[in-house]
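Q: the sequence isn't on hand, but the structure is:
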Ligand code: NAP
């Protein structure tokens, strides 16, 4: 471990921020068979700690705890639940440095970005602390004089929340905060690659007064945990963020008990730069959306479509900007690109690049593993990319910026929509008319116009087509954890 990472880990450990057990019914719990898995720092390959490797039995106990807690948590007033969530928010923010450091240790993203994710993750807790008090029902005008018709909104029950490694905190709070606000309880399964941030957040939830059993964390054998969550009739909702392939499996598995399902899956974001774009705005926005988290986000620009009139100018300016990005350990001064999460991620990036080069694409800068070794990869710009290449068809999930040329607005829209994914899209143009026309034509759940960073707790986040079902964040995010009950009062005259 580098000196910095080593001393950070020691400090976090002695302050109690590094937890290695699962969290069931408010108790820190080992795997029942004593098995553990290593959590490593992707920047150094060193083991940070060994955490419990859990499976079906621990998950069933976590579900039972969540079910017990649901009985009382769902009966608390909205104001009481709100207070606990607000306290949880305050605690997360009070410890944003430590949580950010923990995230950089296990995930690799630069410290500034990690601390930014802590604030972003916390913003969902704050927002839903407020929304808890706004779960309104309805009174429907009756169709008969002696009747009264009401609509109640009630919590769905126990929620299974399965989350990925690329946003170790925000993908959890985006689900758990609205679930708790509605009166649901949760069993969280974080990625085995980044469980430490989740465990630290769970500890803070208890300190905030969220009752034992309302928040449980199990990690380890993903398919066993997934199967237990899917098989249990007590789990009434599965909320998942991760790959489209696993999302499809979970959706199919949820059918046997007819659970509510929401899915935040992979993207293949087009970033369209029109001739009339402000070049500086387009450069800044494209850099931000492409290289955040070393290209490992579902909303990262995956295909950069540039109109022919501005193509060469943009390619040069973009390559210059990319060449000045500092790659390194996330604790390093001025570092903006950390390592990729593991070797499999690097192999994927290399195979996509190889496929593109063999079909005629040209690397402008980067294109290979970084001299730092490990899983560091050079920020790369590649030109002459075509629609049939893997780089255009699938999410590369790495720091590769493929440039594709187009002639007309119609062609750009056709290219942008030519994918099964439909999460985020970006356009850069100075024309207001065009920005409306193209935004409406794009088959995506989110559109950024002249802006590369668009996620916020107050707006709905989610995809169309095979990028998912449902929305997270905003007032719409509450609906995912509520059932609608119609009550008819008869004989009222
Ligand atoms: P992943 O492989 O699908 O894993 C996501 C989560 O599912 C992890 O906790 C994983 O556990 C778990 N999992 C894997 N197989 C499972 C199974 N059979 N049953 C139950 N759980 C299972 O995805 P990832 O590689 O971590 O994340 C990257 C993907 O997430 C990308 O495609 C990205 O676009 C997508 N993503 C989408 C959004 C969005 O909001 N739409 C946001 C962020 C990321 P283990 O890690 O422990 O194996």
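A: Thanks, I have the structure now. What you see is a predicted model, and the numbers here were worked out from it, not measured in a lab.

Q: what's the helix or strand for the single nearest residue of the stretch 1-150 of the chain relative to the ligand?
A: Nearest residue of the stretch 1-150 of the chain to the ligand: residue 37, at 8.8 Å (CB to the nearest ligand atom). No exception for glycine: its C-beta is placed from N, CA and C like everyone else's. Assigned by DSSP states H and E, residue 37 falls within strand 36-40.

Q: with residue 154 instead?
A: Assigned by DSSP H and E, residue 154 belongs to strand 148-155.

Q: just checking, what packs against that strand?
A: Secondary-structure packing of strand 148-155 (3 or more CB pairs under 8 Å, 6 or more residues apart in numbering; DSSP states H and E): strand 138-140, helix 170-182, strand 482-489.

Q: buried set for stretch 92-102?
A: Neighbour-count burial for stretch 92-102, counted by 16 or more other CB atoms under 10 Å, picks out 92, 95, 96, 98, 99, 100, 101, 102.

Q: swap that for stretch 341-361, sorry
A: Neighbour-count burial for stretch 341-361 flags 341, 342, 345, 346, 348, 349, 350, 352, 353, 356, 361 (criterion: 16+ other CB under 10 Å).

Q: what does the average pLDDT come to for it?
A: The predicted model assigns stretch 341-361 a mean pLDDT of 98.

Q: go on, stretch 431-438?
A: When pLDDT is averaged along stretch 431-438, the result is 98.

Q: how about the buried residues of stretch 341-361 in JSON lines, adding distance to the ligand?
A: Below are these laid out as JSON lines (distance: CB to the nearest ligand atom, whole Å):
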{"residue": "341", "distance to the ligand": "8"}
{"residue": "342", "distance to the ligand": "10"}
{"residue": "345", "distance to the ligand": "8"}
{"residue": "346", "distance to the ligand": "14"}
{"residue": "348", "distance to the ligand": "10"}
{"residue": "349", "distance to the ligand": "14"}
{"residue": "350", "distance to the ligand": "17"}
{"residue": "352", "distance to the ligand": "14"}
{"residue": "353", "distance to the ligand": "18"}
{"residue": "356", "distance to the ligand": "19"}
{"residue": "361", "distance to the ligand": "22"}
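
Q: before we move on, the earlier item: just checking: what are the partner strands of the strand holding residue 37?
A: Strand pairing for strand 36-40, determined by DSSP bridges: strand 47-52 (antiparallel).

Q: and the strand it pairs with, anywhere near the ligand?
A: No - against the ligand, strand 47-52 shows no contacts by CB under 6 Å from any ligand atom, the least distance being 10.8 Å.

Q: what about that strand, distance to the chain center?
A: Averaged C-alpha coordinates place strand 47-52 at 23 Å from its chain's average position (CA atoms, centre = their mean, to the nearest Å).

Q: got the buried residues for the following helix or strand past that strand?
A: Of the helices and strands lying after strand 47-52 in sequence (DSSP H and E), the nearest is helix 56-73. Buried residues in helix 56-73, counted by 16+ other CB under 10 Å: 56, 58-70, 73.

Q: ok, stretch 108-121 next?
A: For stretch 108-121, the buried set under the neighbour-count rule, 16+ other CB under 10 Å, comprises 108-111, 113-121.

Q: and the nearest residue to residue 417 once chain neighbours are set aside, its phi and psi?
A: Leaving aside its chain neighbours, residue 417 sits nearest to residue 443 (4.8 Å; criterion: CB to CB, 6 or more residues apart in numbering). With angles defined as degrees, to the nearest 10, residue 443 sits at phi -90, psi 70.

Q: got the contact list for residue 443?
A: By CB atoms under 8 Å, 6 or more residues apart in numbering, the contact set of residue 443 is 417, 422, 464, 465.

Q: closest to the ligand among those?
A: Nearest to the ligand among the contacts of residue 443, counting by CB to the nearest ligand atom, is residue 422 at 10.4 Å.

Q: how about the residues of the chain near the ligand?
A: Applying CB under 6 Å from any ligand atom, we find that the chain lies next to the ligand at 162-167, 171, 189, 191-193, 222-223, 226, 241-243, 246, 249, 264-267, 298, 395, 423, 463, 468.

Q: narrow those residues to those that are buried.
A: For the residues of the chain next to the ligand, buried by 16+ other CB under 10 Å: 162-167, 171, 189, 191-193, 226, 241-242, 246, 264-267, 298, 395, 423, 463, 468.

Q: could you list which of those residues belong to strands?
A: Under the assignment DSSP state E, those contribute 162, 189, 241, 264, 468 to strands.

Q: could you pull up the contacting residues of the first one?
A: Put plainly, it is residue 162. Neighbours of residue 162 in contact, by CB under 8 Å, 6+ apart: 189, 225, 226, 229, 238, 239, 240, 241, 242, 250.

Q: for the first one, give its distance to residue 20.
A: Using CB to CB, to the nearest Å, residue 189 is found at 16 Å from residue 20.

Q: give the contact list for the most centrally placed residue in the chain.
A: Residue closest to the average C-alpha location in the chain (CA atoms, centre = their mean): residue 171, at 4.1 Å. With contact taken as CB under 8 Å, 6+ apart, residue 171 is in contact with 163, 164, 241, 264.

Q: beyond the helix or strand residue 6 falls within, next helix or strand please.
A: Secondary structure assignment for residue 6, by DSSP H and E: helix 3-14. Next in sequence after helix 3-14, counting helices and strands by DSSP H and E, comes strand 22-24.

Q: list the contacts of that next one.
A: Strand 22-24 is contacted from outside by 28-31, 51-52, 54, 58, 61-62, 65, 199, 202-203, 215-220, using CB under 8 Å, 6+ apart.

Q: kindly report the same for stretch 112-126.
A: Contacts of stretch 112-126 with the rest of the structure, by CB under 8 Å, 6+ apart, involve 85-86, 88-89, 92-93, 96-97, 99-101, 103-104, 107, 109, 167-170, 172-174, 177-178, 201, 292-293, 330, 336, 455-457, 473.

Q: PyMOL command for the buried members of these?
A: Buried residues within the contacts of stretch 112-126, by 16+ other CB under 10 Å, are selected in PyMOL with:
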select buried, resi 85+86+88+89+92+96+99+100+101+103+104+107+109+167+168+169+170+172+173+174+177+178+201+292+293+330+336+455+457+473
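
Q: would you map the helices across the stretch 301-450 of the chain?
A: 311-323, 343-358, 390-393, 409-417, 432-441 (DSSP state H, counting those that start in this stretch).

Q: now render those as JSON lines, adding distance to residue 142.
A: Shown next, in JSON lines, are those (distance: least, CB to CB, whole Å):
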{"stretch": "helix 311-323", "distance to residue 142": "62"}
{"stretch": "helix 343-358", "distance to residue 142": "59"}
{"stretch": "helix 390-393", "distance to residue 142": "55"}
{"stretch": "helix 409-417", "distance to residue 142": "46"}
{"stretch": "helix 432-441", "distance to residue 142": "39"}
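
Q: out of these, flag the one nearest residue 6.
A: helix 343-358 (22.3 Å; CB to CB).

Q: for that closest one, packing partners?
A: For helix 343-358, the helices and strands in contact under the criterion 3+ CB pairs under 8 Å, 6+ apart are strand 380-383, helix 390-393, strand 400-406.

Q: what angle separates the last one from helix 343-358?
A: An angle of 30 degrees separates the directions of strand 400-406 and helix 343-358 when computed by axes from the mean of the first three to the mean of the last three CA atoms, to 10 degrees.

Q: quick one: buried residues of strand 400-406?
A: Under 16+ other CB under 10 Å, the buried positions of strand 400-406 are 400, 401, 402, 403, 404, 405, 406.

Q: perfect, that will be all.
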